[in-house]
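>>> Let me see the structure of the following:
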Amino acid sequence: MSDVAKAAGVSAMTVSRALKHDGRIAPTTRTRILKIVADLGYVPDRIAGSFSSRRSGFVGVLVPSLNNPHFAETAAGLDEVLTRGGLQLLLGYTNYRAEVAERLIETMLERRPEAMIITFDDHTARARQLLLNAGIPVIEIWETPTKPIGHVVGFSNRSAAAAMVQHLIDSGRRRIGFIGERDDKGTRGAERRRGFIDALKAAGLDPSRRLATVAPPINMMFGRDAMTALLEKWPDTDAVMCVSDPCAYGALTACQLIGRRVPEDVAVAGFGDFEISRCSLPSISTVVVSGLEIGTRAGELTLQLLDGSCSDQMLILVDAYTEPRESSKIAG
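Numbers count the residues shown, from 1 in each chain. Predicted coordinates:
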């Protein structure tokens with residue numbers, strides 16, 4: 001607060017009153033102070049004086065979706081480990097929107113969490129500044145960002161997707177398409193699309209067969225409609241990688257509706273090892289990654305950071321591997 005007061009040329013008490021919307025503060029002064037607060041990434045302490053130990057006893061966690069079973073597994077893994085360590089999990093749901101994540105980050109930081117665990121997506125500049133200034137452990141999960149804020153528990157979505165495309169190439173496919181999210185930077189789906197392009201370019205193949213038109217999350221209906229559109233535009237396509245298993249299931253359904261045999265006419269692959277990929281007919285080739293492991297290992301790292309047994313910036317990689325199934329078998 002003293003930094004804000006100094007920059008505004010007022011007392012700390014005036015800053016405090018402005019943040020509390022005290023009517024004694026002139027509107028122009030309050031506006032100037034709030035702008036400086038935003039510029040400095042300052043977060044007012046909403047629980048100051050409430051606890052003599054200055055410990056809140058909770059860890060803030062942001063996930064993009066609770067409908068996705070992987071993020072539910074991640075939350076379950078975190079909760080189990082953190083509970084054993086005497087901490088509670090405070091869960092925020094971003095719906096894949098960076099501005100929502102920024103608001104939740106600020107709200108949680110006002111309550112002074114012990115640590116923040118963030119499912120990596122493209123942070124706003126202010127969200128990133130808030131986390132950098134928080135003075136607590138920050139762990140990004142589900143990706144390996146090139147410029148991490150703090151610690152990382154995840155895997156390379158780009159490399160995992162490239163490995164799946166290489167599997168399709170190795171199975172004899174050459175005219176390979178991609179169905180996924182629109183070209184938003186920094187999302188996991190965008191990284192998977194980059195992996196798709198990497199693998200095809202490395203093999204000297206055309207990476208232009210891409211339909212990526214909607215914001216995440218991608219659902220089965222989009223997969224079905226996009227597969228129909230892709231095959232209408234490029235009818236000789238012999239394989240399609242989808243950004244997720246639900247998307248791949250929709251693509252598989254489209255093939256059945258229009259009379260394309262899978263895998264004889266076109267191979268289909270997904271990402272995530274959702275239950276539906278194992279139960280579908282044919283079963284869907286996918287990339288396997290454990291949301292539970294990500295949550296468990298992020299929880300363990302949090303406890304180590306808080307008890308001082310770990311202080312270095314940590315990068316913990318979890319396994320993500322290609323699981324070939326019936327949908328990409330070699331025809332014949």
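>>> and the nearest residue to residue 79 once chain neighbours are set aside, what element?
Distance criterion CB to CB, 6 or more residues apart in numbering; nearest residue to residue 79, sequence neighbours excluded, is residue 89 at 4.9 Å. Using the backbone N, CA and C atoms, a C-beta is placed for each residue, glycine as well. Per DSSP states H and E, residue 89 falls inside strand 88-93.
>>> Please identify the buried residues of that strand?
89, 90, 91, 92, 93 (16 or more other CB atoms under 10 Å).
>>> Show me which of those residues is closest to residue 173.
Closest approach to residue 173 among these (CB to CB): residue 93, at 37.7 Å.
>>> just to revisit the earlier point, just the pLDDT for the residue nearest to residue 79.
For residue 89, the pLDDT comes out at 94.
>>> Wait, it touches residue 57, no?
No - Residue 89 is beyond contact range of residue 57, at 10.8 Å (criterion: CB atoms under 8 Å).
>>> May I ask which helix or strand of the chain has the lowest mean pLDDT?
helix 12-19 (a mean of 77; mean pLDDT, DSSP states H and E).
>>> which element follows it toward the C-terminus?
On the C-terminal side of helix 12-19, the closest following helix or strand by DSSP H and E is helix 27-40.
>>> Parallel or antiparallel, list what pairs with the helix or strand following that following helix.
Next along the chain after helix 27-40, taking DSSP H and E as the criterion, comes strand 58-63. Using DSSP bridges, the strands paired with strand 58-63 are strand 88-93 (parallel), strand 115-119 (parallel).
>>> Kindly reformat those as a markdown table containing distance to residue 213.
Output for those, formatted as a markdown table (distance: least, CB to CB, whole Å):
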| stretch | distance to residue 213 |
| --- | --- |
| strand 88-93 | 24 |
| strand 115-119 | 23 |
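>>> All the strands of this structure, in order from the start?
Applying DSSP state E to the chain gives strands spanning 58-63, 88-93, 115-119, 138-141, 151-154, 176-181, 210-214, 239-242, 267-269, 286-289, 315-317, 320-323.
>>> Can I get the last one in PDB? Just the C-alpha atoms.
Read that as strand 320-323. What follows is strand 320-323, C-alpha atoms only, in PDB (Å, rounded to 0.1, in the frame of the first residue of the first chain):
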ATOM      1  CA  ALA A 320       1.500 -38.300 -22.300                       C
ATOM      2  CA  TYR A 321       1.600 -41.100 -24.800                       C
ATOM      3  CA  THR A 322      -0.100 -42.300 -28.000                       C
ATOM      4  CA  GLU A 323      -2.600 -45.200 -27.600                       C
END
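>>> Give me the distance between it and the centre of its chain.
18 Å (CA atoms, centre = their mean, to the nearest Å).
>>> List the strands paired with it, with their directions.
Strand 320-323 has its sheet partners listed here by DSSP bridges as strand 286-289 (antiparallel).
>>> Quick check: buried residues in the strand it pairs with?
So for strand 286-289, counting by 16+ other CB under 10 Å, buried means 286, 287, 289.
>>> Kindly export it (C-alpha atoms) in CSV.
Output of strand 286-289 as CSV, limited to C-alpha atoms (Å, rounded to 0.1, in the frame of the first residue of the first chain):
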residue,chain,number,x,y,z
THR,A,286,-6.0,-41.2,-28.5
VAL,A,287,-3.3,-39.5,-26.4
VAL,A,288,-3.3,-40.8,-22.8
VAL,A,289,-2.6,-38.3,-20.0
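>>> I figured residue 303 hits residue 85, correct?
Yes - if you go by CB under 8 Å, residue 303 and residue 85 touch, sitting 4.4 Å apart.
>>> Can you pull out the residues in contact with stretch 152-165?
Stretch 152-165 has contacts (CB atoms under 8 Å, 6 or more residues apart in numbering) with 120, 139-145, 176, 188, 191-196, 198-200, 202, 241, 269, 271, 285-287, 289, 294, 297-298, 301, 314-322.
>>> Pick out whichever of residue 303 and residue 85 has more residues nearby.
residue 303 (20 against 15; other CB atoms under 10 Å).
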